[in-house]
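Peer 1: curious how this folds, go ahead:
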Amino acid sequence: MFKGLLYLFLTFLFCFILVHLIKLAYIGIVSVKKPPEPEKKPEPKPEPVYYIVEKKRTKKSYSNPKEIEFKK
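Peer 2: Sure thing, here's the model as predicted:
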């Protein structure tokens, strides 16, 4: 009975350590493969663009309306 619990605990401990070693090895390989990213400098804000809007002048007199015919 005691030997079974001991073997169960050792098996669990062995698997736990093995899984974490594999995870750490993978993280190490990935970090070695990719080059370090250069530091990103914040870009200066672009100058604001201002649009000049001219007010339309109103007409003082209008011409006669044109008659529109549609082709049949």
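
Peer 1: C-alpha from now on. contacts and neighbour counts both.
Peer 2: Fine.

Peer 1: tell me the SS of the residue of the chain most remote from its centre?
Peer 2: In the chain, residue 64 marks the outermost C-alpha relative to the chain mean, sitting 58.9 Å out by Cα atoms, centre = their mean. Of the three states, residue 64 takes coil under DSSP: H, G, I helix; E, B strand; the rest coil.

Peer 1: and residue 15, how far from residue 9?
Peer 2: According to Cα to Cα, to the nearest Å, residue 15 and residue 9 sit 10 Å apart.

Peer 1: tell me the pLDDT of residue 28.
Peer 2: We note a pLDDT of 92 for residue 28 in this prediction.

Peer 1: likewise residue 72?
Peer 2: As predicted, residue 72 sits at a pLDDT of 62.

Peer 1: could you do residue 43 as well?
Peer 2: Each residue has a pLDDT score; the one for residue 43 is 84.

Peer 1: give me the low-pLDDT residue ranges for the protein?
Peer 2: Applying pLDDT under 70 to the chain picks out residues 36, 72.

Peer 1: show me where it has its strands.
Peer 2: Assigned by DSSP state E, the chain shows no strands.

Peer 1: center of it, which residue is that?
Peer 2: The structure's the chain has its C-alpha centroid closest to residue 40; by Cα atoms, centre = their mean the separation is 15.6 Å.

Peer 1: and that one, how far from residue 23?
Peer 2: For residue 40, the distance to residue 23 - Cα to Cα - is 29 Å.

Peer 1: residue 29: how many residues sit nearby?
Peer 2: Using other Cα atoms under 10 Å, residue 29 has 10 neighbouring residues.
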